[in-house]
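> I would like to see how this sequence folds:
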Amino acid sequence: MSDPPVKRYRRDPSPKSDLEESDDDDGYVPYVSVAERRRQQLVKLGRAPEAKSRVDTLREEEGGTSSGANSDSEVTSLGKTSAPDTPEMARREELELIKEKNKGVSLLEQHKELQEVAEEKKETIAEKQKKEEEEILARIGESTALKGVAELATGVEYTESIKTSWKAPSYILGLPQARHRRVWKKYGIDVDGDDPPPPLKTFEDMKLNPSVLNGLKDKNIEKPSPIQMQGIPAVLSGRDLIGIAYTGSGKTLVYVLPLIMFCLEQEARLPFSSGEGPYGLIVCPSRELAKQICETIEHFTQGLKYKGLPSLRTCLAIGGMNSSDAMDVIRKGVHMMVATPGRLMDMLNKKMVKLDVCRYLALDEADRMIDMGFEEDVRTIFSYFSAQRQTLLFSATMPKKIQNFARSALVKPITVNVGRAGAASMNITQEVEFVQPEARIVYILECLRKTAPPVLIFAEKKVDVDTIHEYLLLKGCLAVAIHGGKDMEERIRAVAEFKGYKKDILVATDVASKGLDFPDIQHVINFDMPEDIENYVHRIGRTGRGSNKGTATTLINNKVDVAVLADLKHLLLEAKQKLPPFLASLETEYDHLAENSEVGDQGCSYCGGLGHRITACPKLESVQNKKAKEIGGREFMANNSADY
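As a prediction, this is how the structure comes out:
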């Protein structure tokens, strides 16, 4: 009988000494897969790309996680075998992968790599925002140029500016370009355009007539403001101009003084005959502003008459006044005409005035005219010109959308910008107070105690203007009021009494906020916050004009739109004003883009507000909604419609 099988046991190898273990570790060579060895060989031969850095890998992973759709499809295609059974197991596998990837990398290096990826991701968000804004601007931009019908039909294109006899002093022309750049930088002048003329720091260098210089001294104007230093030489040299500067900076003189010099030259060469003219046309949106511009022109032309120079005639054509007064001047031969769009259109249609010899056109508050429905009127006015004209556009607030549209009417234009378009004057102290709607009228008396008269009070609605006016009269205040519902004579009388210091308080709607000059006003009170931040800038711009200081008090409540409050907050921050607590706590999703230079221009390109971008512009939304409602609602047989 054979012996039973011997049971054999597996024996562990004998333990090695520490010296033997260290020898094995030193000689250890990590395993490299066949695919990796082939790739390394191809890299040596220059036929394959090198391995990606950790930062590149992180970027790809960020892109992979953001894409979402591709990764989801890959997971589903792998099936149940590759997917983890539970979220806990998936999290554990993810942690293991992160540990393996970061093995041997310090925490500082990991932080730096993640920071680089985050910065690149932030830039891509800014680039995406910028691209979206450019698409919106292109979509809402006007496809038809701001030109006359005949020019559009015949395809007339002017390539050269109008030539004039004016030249800058020879010693200025001999100075290097670096000097001009220093002047622009010192006075905060931003000039854009081909071959701009040099800035001139005195009125004498501009070669103005001595009687015009005396007129400036009578107004206590001794040296030009920044917009005048660059704007007047540009206009005198015949260039088309877009002038943007803060309220009270002297934009009116930029187009008035060159126009007087041009008309004086024309009259000296060949006197204007009966019914001839005008040579220069100034168009503005409000009647009060037109009358003020006309009075400014007459101030300088009176000085010419006293010096024995030719008499220059100015015509005022505004609604609410008899057109026979304007016709009396036109029959004698008119050199300059100041008008509002409605009355000018009426006179052109009735052939009461012609623009055959007109070579000079200035649009004051141009953005408001184009933006407030006067665009077609301006286009029609252009069609009455028989030849090339020098076109000037001026405003304190001119968003990028309006600037791009206006450039289609100009020939080789120069853009002169003093400060940001839509910025408030630094001479104004802005105060914002939270007051409930029912307590506002009573609180006005508290506001009136801040400064001495004269004081200007703005309200959005005509009813509010009448209510405030009546309340102030009952309290014994010397107050007058103007709004669109009052007749022209009453409005002119009210403004004259206020300017003549016969009345202490003027209560008005926004008809008094555009361009009107009240030099001695120390205080502007906003009874309510306007629906548009541009109107707010124009309102408070009635004080702090020139080198004077002023105060603006605005009463707001919880009925004000959040977008307007965000614009107001950033406007106060830009002007380095004190923020009230309720505005300081206001945060919007666009705050992080407010100071981001990668996005492009500050604020909204449509309305100029700093608290939002054009992608969320409430004004653009309301305009688009209004246009949508008007579709199909036009009466083609109405008197003001086209003749079909």
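
> which secondary structure elements does the helix of greatest length in the chain contact?
What stands out as the longest helix in the chain, according to DSSP state H, is helix 107-140. If contacts are counted by 3 or more C-beta pairs under 8 Å, 6 or more residues apart in numbering; DSSP states H and E, helix 107-140 sits against helix 54-67, helix 400-406. Where you see a C-beta, it was placed from the backbone N, CA and C, and this is true even at glycine.

> I'd like the average pLDDT over that helix.
The average pLDDT within helix 107-140 is 73.

> same deal with stretch 494-506?
91.

> Pull the distance from that stretch to the chain's centre.
From the chain centre to the centre of stretch 494-506 is a distance of 32 Å (C-alpha atoms, centre = their mean, to the nearest Å).

> now stretch 453-472
Between the centre of stretch 453-472 and the centre of its host chain there is 29 Å, according to C-alpha atoms, centre = their mean.

> Quick one: end-to-end distance for that stretch.
14 Å (C-alpha to C-alpha, to the nearest Å).

> what mean pLDDT does that stretch have?
pLDDT averaged over stretch 453-472 gives 94.

> got the contact list for residue 216?
Applying C-beta atoms under 8 Å, 6 or more residues apart in numbering, one finds that residue 216 lies in contact with 203, 222.

> By mean pLDDT, show me the worst of the helices and strands packed on helix 107-140.
Minimum mean pLDDT among those: helix 54-67, a mean of 56.

> which non-adjacent residue is nearest the residue nearest the centre of the chain?
By C-alpha atoms, centre = their mean, the chain has its centre lying nearest to residue 399, at 3.1 Å. Excluding the flanking residues, the one nearest residue 399 by C-beta to C-beta, 6 or more residues apart in numbering is residue 608, at 4.4 Å.

> pretty sure the one you found is touching residue 424, no?
No. Residue 608 lies out of contact with residue 424 (C-beta atoms under 8 Å); the separation is 11.5 Å.

> Of those two, which one has the most company?
Taking other C-beta atoms under 10 Å, residue 608 and residue 424 do not tie; residue 608 has more neighbours (28 against 25).

> so the more buried one is in which element?
Counting by DSSP states H and E, no helix or strand carries residue 608.

> Can you check the pLDDT for it?
Listed pLDDT for residue 608 reads 73.

> next one: the one 10 residues further on
pLDDT for residue 618: 77.

> can you check residue 338 too?
What the model reports for residue 338 is a pLDDT of 95.

> And the longest helix of the chain, how far out from the chain middle?
Helix 107-140 sits 24 Å away from the centroid of its parent chain (C-alpha atoms, centre = their mean).

> go on, stretch 201-208?
Using C-alpha atoms, centre = their mean, the mean C-alpha position of stretch 201-208 is found 30 Å from that of the whole chain.

> Report the buried residues of that stretch.
Buried residues in stretch 201-208, counted by 16 or more other C-beta atoms under 10 Å: 201, 203, 205, 206, 208.

> got it, and stretch 280-298?
Neighbour counts over stretch 280-298 (16+ other C-beta under 10 Å) mark 280-294, 296-297 as buried.

> Using PDB, list the CA coordinates for that stretch.
The C-alpha coordinates for stretch 280-298 follow below in PDB (Å, rounded to 0.1, in the frame of the first residue of the first chain):
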ATOM      1  CA  GLY A 280     -26.000 129.200 -41.600                       C
ATOM      2  CA  LEU A 281     -28.800 127.100 -40.000                       C
ATOM      3  CA  ILE A 282     -28.900 126.100 -36.400                       C
ATOM      4  CA  VAL A 283     -31.500 123.500 -35.400                       C
ATOM      5  CA  CYS A 284     -32.400 122.600 -31.700                       C
ATOM      6  CA  PRO A 285     -35.200 120.600 -30.000                       C
ATOM      7  CA  SER A 286     -36.800 123.200 -27.700                       C
ATOM      8  CA  ARG A 287     -38.200 126.700 -28.300                       C
ATOM      9  CA  GLU A 288     -36.500 128.100 -25.200                       C
ATOM     10  CA  LEU A 289     -33.100 126.900 -26.300                       C
ATOM     11  CA  ALA A 290     -33.600 128.300 -29.800                       C
ATOM     12  CA  LYS A 291     -34.500 131.700 -28.400                       C
ATOM     13  CA  GLN A 292     -31.400 131.600 -26.100                       C
ATOM     14  CA  ILE A 293     -29.100 130.800 -29.000                       C
ATOM     15  CA  CYS A 294     -30.600 133.600 -31.100                       C
ATOM     16  CA  GLU A 295     -30.000 136.100 -28.200                       C
ATOM     17  CA  THR A 296     -26.400 134.900 -28.000                       C
ATOM     18  CA  ILE A 297     -25.900 135.600 -31.700                       C
ATOM     19  CA  GLU A 298     -27.500 139.000 -31.500                       C
END
